[in-house]
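Engineer: Provide a 3D model corresponding to the input given below.
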Amino acid sequence: MSYRNEDYHIYSGLDFTEHSGIDFSKYSNEDLKKLWRATLNKGMHGICFSMYEDGQEPGDTITEAQVERRIKILKPHSKWVRSFSCIEGNEHVARIAHKHGMKTLVGAWLSDNKEDNEKEIEGLIQLAKEGCVDIAAVGNEVLYRNDLSLEELLGYIKRVKEAIPNVPVGYVDAYYEFSVHPELVDISDVILSNCYPYWEGCHIDGALGHMQQMFGQATDAARGKKVIITETGWPSEGGSLKGAFSSEENAIKYFVNAQVWATKANIEMFYFSSFDESWKTGDEGDVGAYWGLWDKDEKLKF
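Structural biologist: As a prediction, this is how the structure comes out:
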């Protein structure tokens with residue numbers, strides 16, 4: 001995800017801001033790091049799987065050994081793992097995660113490449129039939145990128161739902177897309193919402209409240225269906241966007257506040273992301289490489 005230069009459909013309905021966050025004013029830098037580590041050690045609902053080592057990028061085929069090594073790192077800290085594709089080695093994530101007792105939110109990556117889309121859809125269906133998919137995500141931010149029309153996207157979702165009727169199926173996009181396109185809510189079993197205060201230029205002091213309002217808007221649009229936060233996070237270094245500044249301190253504060261709130265409110269959340277990925281600078285600028293809880297060498301940052 002990157003900067004959103006559009007109307008965010010500001011919402012003032014359901015209020016999820018009862019938890020305003022921790023008062024960090026008396027925390028030293030060392031205290032913050034200890035709190036971050038303690039929060040991580042308590043465990044997360046879910047984590048987004050970072051596929052690529054330094055020097056790798058989408059299009060490269062990733063080995064089972066690499067995926068298993070990373071799953072073993074994540075397993076002690078998260079109940080669920082989210083994958084983004086079902087080809088080029090990404091299919092290993094669901095199988096290996098299940099082997100290690102983790103639950104899976106498995107994504108088929110859809111784009112304007114119809115040939116690859118067929119491979120992705122068939123891969124997702126196959127993994128689900130193997131019993132490796134707990135929730136299926138048909139596409140990720142496809143409408144935001146304008147890769148497919150709404151009708152094309154709905155067709156793919158319907159196809160997957162018909163093929164795997166016993167697995168919950170949804171589509172991942174920014175929280176406001178479900179307000180704009182109620183058809184997405186109608187066809188989905190679960191609403192999969194990305195919520196990024198950083199990409200809307202929000203200062204860290206208001207980031208938790210802003211994320212809660214994003215969740216509130218998606219919840220209102222969902223009309224009673226479960227809403228899962230499929231991505232949220234904060235970069236630990238890089239540039240800034242309006243009032244949002246990338247820093248270790250802000251990344252620590254956002255992670256702690258998000259985890260504490262999600263636990264207290266019983267909200268299912270997948271944190272973005274697990275490992276830093278250098279290739280992402282091309283799409284997102286320098287901050288793209290620093291969203292991980294672990295660095296590019298698979299070492300915890302704090």
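
Engineer: Confirm residue 88 sits in a strand?
Structural biologist: No - Residue 88 is assigned coil when assessed by DSSP: H, G, I helix; E, B strand; the rest coil, not a strand.

Engineer: nearest residue to it other than its sequence neighbours?
Structural biologist: residue 61 (5.0 Å; Cβ to Cβ, 6 or more residues apart in numbering). The way it works is simple: take the backbone N, C-alpha and C, and place the C-beta from them, glycine included.

Engineer: Is that neighbour in contact with residue 89, as I believe?
Structural biologist: Yes - look at residue 61 against residue 89 with Cβ atoms under 8 Å: they come within range, at 5.0 Å.

Engineer: These two: which is more packed in?
Structural biologist: residue 89 (18 against 9; other Cβ atoms under 10 Å).

Engineer: what sits against that one?
Structural biologist: 51, 60-64, 66-67 (Cβ atoms under 8 Å, 6 or more residues apart in numbering).

Engineer: Same check on residue 300?
Structural biologist: Shown in contact with residue 300 (Cβ under 8 Å, 6+ apart): 37, 40, 293-294.

Engineer: how about the residues you listed in TSV, adding secondary structure?
Structural biologist: TSV is the format used below for these (three-state DSSP):
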residue	secondary structure
37	helix
40	helix
293	coil
294	strand
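
Engineer: Adding neighbour count and pLDDT, write those residues out as JSON lines.
Structural biologist: Below are the contacts of residue 300 laid out as JSON lines (neighbours: other Cβ atoms under 10 Å; pLDDT from 0 to 100):
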{"residue": "37", "neighbour count": "14", "pLDDT": "98"}
{"residue": "40", "neighbour count": "19", "pLDDT": "98"}
{"residue": "293", "neighbour count": "25", "pLDDT": "98"}
{"residue": "294", "neighbour count": "19", "pLDDT": "98"}
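
Engineer: List the contacts of residue 107.
Structural biologist: 82-86, 124, 136-140, 172.

Engineer: rewinding a little: which pair in the contacts of residue 89 has the greatest spatial separation?
Structural biologist: The largest separation in the contacts of residue 89, counting by Cβ to Cβ, is between 60 and 64 at 14.1 Å.

Engineer: Tell me where the model's unsure across the protein.
Structural biologist: 1-19 (pLDDT under 70).

Engineer: Find the centremost residue of it, please.
Structural biologist: Geometric centre of the chain, nearest residue: residue 231, 2.5 Å, by Cα atoms, centre = their mean.

Engineer: Show me just the buried residues among the contacts of residue 89.
Structural biologist: Neighbour counting by 16 or more other Cβ atoms under 10 Å classes 51, 62, 67 among the contacts of residue 89 as buried.

Engineer: tell me which of those is nearest to residue 287?
Structural biologist: Each of the buried ones among the contacts of residue 89 was scored against residue 287 by Cβ to Cβ, and residue 51 proved nearest at 18.7 Å.

Engineer: Okay, and the closest residue to the closest one other than its chain neighbours sits in which element?
Structural biologist: Leaving aside its sequence neighbours, residue 51 sits nearest to residue 62 (Cβ to Cβ, 6+ apart; 5.8 Å). Under DSSP states H and E, no helix or strand contains residue 62.

Engineer: do the same with the one 3 residues further on
Structural biologist: In this structure, residue 65 is located in helix 64-74 according to DSSP H and E.

Engineer: before we move on, what about residue 260?
Structural biologist: Applying DSSP H and E, one finds residue 260 within helix 248-265.

Engineer: for that helix, packing partners?
Structural biologist: helix 29-42, helix 204-222, strand 270-271 (3 or more Cβ pairs under 8 Å, 6 or more residues apart in numbering; DSSP states H and E).

Engineer: looking at those, which is buried most?
Structural biologist: Neighbour counts (mean count of other Cβ atoms under 10 Å) averaged over each of these peak at strand 270-271, with a mean of 26.

Engineer: residue ranges of the strands in this protein, please?
Structural biologist: 44-48, 78-83, 103-108, 135-140, 169-174, 191-194, 227-231, 240-241, 244-245, 270-271 (DSSP state E).

Engineer: So what are the sheet partners of the first one and their directions?
Structural biologist: In the sheet containing strand 44-48, the strands it pairs with under DSSP bridges are strand 78-83 (parallel), strand 270-271 (parallel).

Engineer: any idea of the angle the first one forms with strand 227-231?
Structural biologist: It refers to strand 78-83. With axes from the mean of the first three to the mean of the last three Cα atoms, to 10 degrees applied, the angle from strand 78-83 to strand 227-231 works out at 70 degrees.
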